[in-house]
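J.: Build me a structure from this.
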Amino acid sequence: MNFLNHISSQTQYYHLPQPFWLESGKILEGVQIAYRTWGKLNPDGDNAVLICHALTGGADADDWWKPLFGAGKAFDLETDFVVCSNVLGSCYGTTGAATINPLTKKPYGAEFPRITIRDMVHLQAQLMEALGIKRLQLVIGGSLGGMQVLEWAVLYPEMVNAIAPIAVSGKHSAWCIGISETQRQAIFADPDWQNGNYYNHQPPARGLATARMMAMMTYRAWGSFEARFGREQINPEVDDEFTIASYLQYQGQKLVNRFDANCYVSLTHAMDSHDLGRDRGEYFDVLANIQQPTLVVAIDTDILYPPQEQEVLARYIPNAEIVTLNSTHGHDAFLIDMDDLNQMVVNFRTRLQQLVYRH
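T.: Next up is the predicted model:
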């Protein structure tokens, strides 16, 4: 399956000129990063905005966050140089489990080494350097993207002016780790995975589809599904299949058609590694050391990363403010209620600009 068909023809590729060291001590050779840019970098290299995508997303931010692009919007290309790179471990052009291992000449598959959120950010930092970016006016993203945003603030504080973590926590909860493990076990239980037929025959379609169906139940909320589906049946005179069941099956197959199961496993493990306090000391002390102005965006119906987790971020990050995206859609609201999200980011960036003028 050619996953590159799912990214824009405008995507560019950067090849690291040196080996890339992971947190684990493992080394990746010949690392490639797929990325997109919009706007123009100024001579000082300090007008950049970095967008970090979610779990199965890619570099085409102007597709999945289109309402945030434009004059007077969150990402104004008259003033901003916007960058979005496909994350390490994904299958949309950046090195991951679906990539050919230069040593074996076969896809890494399940042999792809464990990666962390910090690995992702360190790789993005090398891309920023290659692009000539000196400072990032804003780093923004939701869910897995929000994890990267927080790590940017800690790993590269001298480079980041402001951050906007959306629908995310500062450390992956037992709830989220449990959900991820359940999804991975669905993939591992697929006969095509167990028989080693993954690349020789076909992807473990049933396992990945089931994992996606589980995920969809955490990306939305009770009210969203109740209003859209209720107890509606497709053809009640013939059988008792409910519309919600058909929808979930469709979403599962849709992911199978565009994503790699080993990458899904790799990225969910990376999300489980997310903990700003890991090997740094007390979690709340790490939050207190984040000095950048911070827009924390909570979603009132999010059952995956509930609002109390964003409230913790806002309470302990000194220059943080919290806003709530009120939605019936749950966790995915940051990809659905985008006009409201855009206004929140615009207001935040306007306040930042006013602070600059005052000083």
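J.: any weak-confidence spans in this structure?
T.: By pLDDT under 70, the low-scoring segments of the chain are 1-9, 194-203, 356-359.
J.: Go again with 90.
T.: Applying pLDDT under 90 to the chain flags residues 1-9, 103, 191-206, 234-240, 353-359.
J.: Got the domain ranges for it?
T.: Domain assignment for the chain, taken from automatic domain parsing, gives 3-172+275-358, 177-270.
J.: what's the offset of the last one from the middle of its chain?
T.: Meaning domain 177-270. 18 Å (CA atoms, centre = their mean, to the nearest Å).
J.: and the end-to-end length of it?
T.: Domain 177-270 has an end-to-end distance of 10 Å (CA to CA, to the nearest Å).
J.: Could you look up the SS state of Tyr247?
T.: Three-state call for Tyr247 (DSSP: H, G, I helix; E, B strand; the rest coil): helix.
J.: Tabulate the CA atom coordinates of stretch 108-117 in CSV.
T.: The C-alpha atoms that make up stretch 108-117 are tabulated as CSV, following Å, rounded to 0.1, in the frame of the first residue of the first chain:
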residue,chain,number,x,y,z
TYR,A,108,10.8,-2.0,9.4
GLY,A,109,7.4,-3.3,10.4
ALA,A,110,7.3,-4.5,14.0
GLU,A,111,11.1,-4.1,14.3
PHE,A,112,10.9,-0.3,14.1
PRO,A,113,12.4,0.9,17.4
ARG,A,114,10.3,2.4,20.2
ILE,A,115,10.1,6.2,19.9
THR,A,116,8.9,8.9,22.2
ILE,A,117,7.3,12.3,21.9
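J.: Find me whatever residue is spatially closest to Tyr327, sequence neighbours aside.
T.: To be clear, residue 327 is Ser; Tyr isn't right here. Setting aside the residues directly before and after it, Ser327 is nearest to Ala333 in space (CB to CB, 6 or more residues apart in numbering), at 3.7 Å. From N, CA and C alone the C-beta is placed, and that goes for glycine too.
J.: helix/strand/coil for the residue positioned nearest the centre of the chain?
T.: Among the residues of the chain, the one closest to the centroid is Ala54, at 2.0 Å (CA atoms, centre = their mean). Under the three-state scheme (three-state DSSP), the conformation of Ala54 reads as coil.
J.: you'd agree Leu325 is up against Asn342?
T.: No: judged on CB atoms under 8 Å, Leu325 makes no contact with Asn342 at a distance of 10.9 Å.
J.: More neighbours: which of the two?
T.: Per other CB atoms under 10 Å, whichever of Leu325 and Asn342 has more neighbours is Leu325, with 22 against 19.
J.: beta partners of the more buried one?
T.: Beta-bridge partners recorded for Leu325 (DSSP bridges): Ile299.
J.: quick one, what contacts it?
T.: 297-300, 333-334, 337, 340-341, 344 (CB atoms under 8 Å, 6 or more residues apart in numbering).
J.: Just send these back as JSON lines, with neighbour count too.
T.: Below are the contacts of Leu325 laid out as JSON lines (neighbours: other CB atoms under 10 Å):
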{"residue": "Val297", "neighbour count": "26"}
{"residue": "Ala298", "neighbour count": "22"}
{"residue": "Ile299", "neighbour count": "28"}
{"residue": "Asp300", "neighbour count": "14"}
{"residue": "Ala333", "neighbour count": "27"}
{"residue": "Phe334", "neighbour count": "25"}
{"residue": "Asp337", "neighbour count": "17"}
{"residue": "Asp340", "neighbour count": "16"}
{"residue": "Leu341", "neighbour count": "27"}
{"residue": "Met344", "neighbour count": "17"}
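J.: Out of the residues you listed, which is nearest to Gln32?
T.: Checking the contacts of Leu325 against Gln32 with CB to CB, the nearest one is Phe334 at 28.0 Å.
J.: Can you classify the closest one by secondary structure?
T.: Phe334 - assigned by three-state DSSP - is helix.
J.: and among the domains of the chain, the most buried is which?
T.: Neighbour counts (mean count of other CB atoms under 10 Å) averaged over each of those peak at domain 3-172+275-358, with a mean of 19.
J.: Can you verify Gly141 is assigned to a helix?
T.: No: according to three-state DSSP, the state of Gly141 is strand, so it is not within a helix.
J.: Quick check: it touching Trp152?
T.: No: Gly141 sits out of contact with Trp152 when judged by CB under 8 Å, with a separation of 9.3 Å.
J.: joint contacts of those two?
T.: Common contacts of Gly141 and Trp152 (CB under 8 Å, 6+ apart): Cys52.
J.: What segments of this structure are strands?
T.: Secondary structure of the chain, counting by DSSP state E: strands at 12-15, 20-21, 27-28, 32-38, 48-52, 81-85, 136-142, 163-166, 294-299, 320-325.
J.: Would you reformat those as TSV and include distance to Gly277?
T.: Below are the strands of the chain laid out as TSV (distance: least, CB to CB, whole Å):
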stretch	distance to Gly277
strand 12-15	31
strand 20-21	22
strand 27-28	26
strand 32-38	28
strand 48-52	20
strand 81-85	26
strand 136-142	20
strand 163-166	15
strand 294-299	17
strand 320-325	17
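J.: nearest to Asp119, of those?
T.: strand 20-21 (8.2 Å).
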